[in-house]
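1. structure for the following, please:
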Amino acid sequence: MDISINTPAILFPAISLVMLAYTNRFLALATRVRTLHDQYIDGEKSHIVHGQIRNLRFRIKLIKNMQALGVLSFLSCILSMYFIYLEMQIWAHATFAFSLITFSGSLVLSLWEIQLSTKAIELQLSDIEGLEDPTVLEYIKRKLDRD
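-> Okay, the predicted model is just below:
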């Protein structure tokens, strides 16, 4: 099966939008890091601040790798288009497949980072007493029981 030059080009908008989302997540984390750093310097050395800092360090590494895989995917799409232009279909297929794999890897890391961000929020709320942590099914059941 031959692929046309339009096939890799289809990924360009998707990769661009995902990279923009990754950048926004990074900027939000950078702001949070600065806030926590100020709290730590001001003497607030609670277990919550330490937990948040550990969580943020790992999430920043994930975002760095998400962005790297996104850039590799983008470059692979360009290279695939170049191989199509040169009518080197085997190389075009290989580089396009690599682009799809790296884009998928980037999305998997994004899902992992999203899971960690919810844990960070739960950690932030952990010092408020009386909060329940229902499962999604328990939450839905309670909402349906009220109606």
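2. for the rest of this, base every contact and every neighbour count on C-alpha atoms.
-> OK.
3. please name the residues that touch the nearest residue to Ser99 once chain neighbours are set aside.
-> With CA to CA, 6 or more residues apart in numbering as the criterion, Ser99 has its nearest non-adjacent residue at 4.2 Å, and that residue is Ser73. The contact partners of Ser73, taken as CA atoms under 8 Å, 6 or more residues apart in numbering, are 15, 98-103.
4. so how far is Tyr22 from the residue nearest the centre of the chain?
-> Centroid check for the chain by CA atoms, centre = their mean gives Ser110 as the closest residue, at 2.4 Å. Remark: distance between Ser110 and Tyr22 (CA to CA, to the nearest Å) = 8 Å.
5. overlap in contacts of those two?
-> Residues within reach of Ser110 and of Tyr22 at once, by CA under 8 Å, 6+ apart, are 63, 66.
6. any idea which helix or strand of this protein has the worst average confidence?
-> One helix or strand of the chain scores below all others by mean pLDDT, DSSP states H and E: helix 136-146, with a mean of 73.
7. buried residues, the host helix or strand of Ile53. List them.
-> Ile53 belongs to helix 47-85 when assigned by DSSP states H and E. Judged by neighbour count (16 or more other CA atoms under 10 Å), helix 47-85 contains these buried residues: 48-49, 52-53, 55-56, 59-60, 62-81, 83-84.
8. cool, and stretch 3-17?
-> Within stretch 3-17, the residues that count as buried by 16+ other CA under 10 Å are 5, 8, 11, 15.
9. where does the closest residue to Met66 other than its chain neighbours sit: helix, strand or coil?
-> In space, and not counting its chain neighbours, Met66 is closest to Ser106: 4.6 Å by CA to CA, 6+ apart. Under DSSP: H, G, I helix; E, B strand; the rest coil, the three-state class of Ser106 is helix.
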